[in-house]
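Chemist: have a look at this prediction, sequence included:
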Amino acid sequence: MNRSITILGAGLVGSVLSVLLRKKGYEVTIYERRPDLRVSQIGAGRSINLAMSTRGWKALELAGLREEIESIAIPMTGRYLHQDDGSAAFQPYGKNGEAIYSVSRGELNKKLMDLAEANGVKIYFNQICDHVDLQHKQLHLKDEAGNKHTVDYDLLFGADGAFSALRKSMTVLDRTDYQQFYINSGYKELCIPPSANGEFCMEHNALHIWPRHNFMMIGLPNTDKSFTCTLFFPFEGTPSFDSLQTDAEIRAFFEQHFPDAVPMMPTLMEDYKNNPTSSLVTVKVAPWVYQSSACLIGDAAHAIVPFYGQGMNAGFEDCSVLFELLEQHGDNWDAILPAFQQSRKPNADAVAELALNNFIEMRDKVADPKFLERKKIEKDLGIRFAGRFNSVYEMVSFSHTPYAFALNAMAAQDWLLAKIMEQGDYFQNIENATFAAGLEEWVKEYEGKVHA
């Protein structure tokens, strides 16, 4: 007989997970600390737009929601770089027009909760979990009025985000490793509204980046023809959130560093002063599982910074992997939960490193002509050595290649690209038979490094 399952958190991962578990016949109940966002206002400036990629689409397909979400998703086929000198350049993400998709976090979450309830999931809102009693399998909850109550559970999933109540209760157990660290930059959300005639102000099938070395701004398109912009900026130093205090300082900073964006941001001052400044945390914990009765998933297990656009995608991939393990092991949770942790933990650690590395790439390297040249070479190698070479970005965003494999490939690709670029102009050299023969040998050596 199927067990009843309780989930903490009705966010993106909790909602998808609940639908997949219902498809397997489980009774599912979710306790969510926030009000129902379908009937209450979300605080402005608290959600970085999502970039849906291959891993995320798979989970939505399993849940039966892909087609509906595609209707509110905008394809972004590359980065549109707004350089410091006023020039601009488009950099495709893939070799064949592949895209990541801009999706509103709020709209996606609403549709997922609707789907969950339509499938028979019970969701209780305004339920703050103070503590999880792991030994007695009880949730200690309080409602919006402060009334406390306990709920018994049989099997519990903590999908309650980077500051998970389940994880907090697990970290006091013996032999639990826990690491939480912040980068020295935070973020603030800004907005580019539609133009006066109701159209996009910039190319909308692209992720816009203003790279400025130790800070940057990005812009993702929305279906209402606006762009959600996010400033990633140090907390302290010059310049920083701390150093911009007066209206004059704020305006002067934006006019100096983002002169092409300022005319498109009529609410810049209001947005900058009123929207919150939020921090960026990475969380690692082990184990994820307590006996066969509790398990962390999504950000609760592996919160990461947003610079690879993989936070949601990694959480959704957790759900897909768990679903596949259910197909494999049936109701044997004694087998499923350890296998889930064994499969996902190394990949979660790897994507955390990839995300931190990509912050440096987006902020610093995309402004470097050598880096842009490297990207062109990567594309050519992917075509010339199809099936043998794929850039790390393409592995992460456009395939189901394990994150750990992609991270391992990064050092090997750095080696290969350095060998190629130190020979001079690749696109001239490749016409030379001697260079082409040497390249074949280097690619073989690269494959050996990646598969070692």
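Modeler: Perfect, I can see it now.

Chemist: what about the helices in the stretch 51-200 of the chain?
Modeler: For the stretch 51-200 of the chain, the helices defined by DSSP state H, counting those that start in this stretch cover 54-63, 66-70, 105-118, 165-170.

Chemist: same deal with the stretch 301-450 of the chain?
Modeler: Secondary structure of the stretch 301-450 of the chain (DSSP H, counting those that start in this stretch): helices located at 311-329, 333-363, 369-384, 392-398, 403-421, 426-429, 433-450.

Chemist: residues making contact with the shortest one?
Modeler: Right, helix 426-429. E373, K376, I377, D380, I420, Q423, F435 (CB atoms under 8 Å, 6 or more residues apart in numbering). C-betas here are computed from N, CA, C, even on glycine.

Chemist: okay, buried residues for that helix please.
Modeler: For helix 426-429, the neighbour count (16 or more other CB atoms under 10 Å) marks Y426 as buried.

Chemist: and that helix, average pLDDT?
Modeler: Averaging pLDDT along helix 426-429 gives 96.

Chemist: same question, the third one
Modeler: The average pLDDT within helix 369-384 is 91.

Chemist: likewise the longest one?
Modeler: Taken as a whole, helix 333-363 has a mean pLDDT of 93.

Chemist: now the first one
Modeler: pLDDT averaged over helix 311-329 equals 97, rounded to a whole number.

Chemist: who are the packing partners of it?
Modeler: If you count contacts as 3 or more CB pairs under 8 Å, 6 or more residues apart in numbering; DSSP states H and E, helix 311-329 packs onto helix 12-23, strand 50-52, helix 54-63, helix 299-302, helix 333-363.

Chemist: hmm, back to that, report the buried members of the contacts of helix 426-429.
Modeler: For these, buried by 16+ other CB under 10 Å: I377, I420, F435.

Chemist: quick one: which of those residues is nearest V443?
Modeler: I420 (9.8 Å; CB to CB).

Chemist: quick one: contacts for the closest one?
Modeler: Listed by CB under 8 Å, 6+ apart, the contact set of I420 reads I377, Y426, L439, W442.

Chemist: outline the domain layout of this structure.
Modeler: According to automatic domain parsing, the chain comprises the domains 5-42+51-72+103-181+281-359, 368-450.

Chemist: save these as a markdown table, and put in distance to F254 too.
Modeler: Putting those into a markdown table (distance: least, CB to CB, whole Å) gives the following:
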| stretch | distance to F254 |
| --- | --- |
| domain 5-42+51-72+103-181+281-359 | 21 |
| domain 368-450 | 23 |
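
Chemist: among those domains, which is nearest N275?
Modeler: domain 5-42+51-72+103-181+281-359 (12.2 Å).

Chemist: and L139, how far is that from A88?
Modeler: Going from L139 to A88 by CB to CB, to the nearest Å gives 52 Å.

Chemist: with T29 instead?
Modeler: From T29 to A88 the distance is 50 Å (CB to CB).

Chemist: S397 now?
Modeler: Distance of S397 to A88, computed by CB to CB: 22 Å.

Chemist: for R3, find the nearest of the helices of the stretch 301-450 of the chain.
Modeler: Across those (criterion: CB to CB), the nearest stretch is helix 333-363, sitting at 7.2 Å.

Chemist: redo the buried ones among the contacts of helix 426-429 as JSON lines? Include distance to G158.
Modeler: Output for these, formatted as JSON lines (distance: CB to CB, whole Å):
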{"residue": "I377", "distance to G158": "43"}
{"residue": "I420", "distance to G158": "46"}
{"residue": "F435", "distance to G158": "54"}
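
Chemist: out of the contacts of I420, the closest to L356 would be?
Modeler: Of all those, the one sitting nearest L356 is I377; the distance, using CB to CB, is 24.2 Å.
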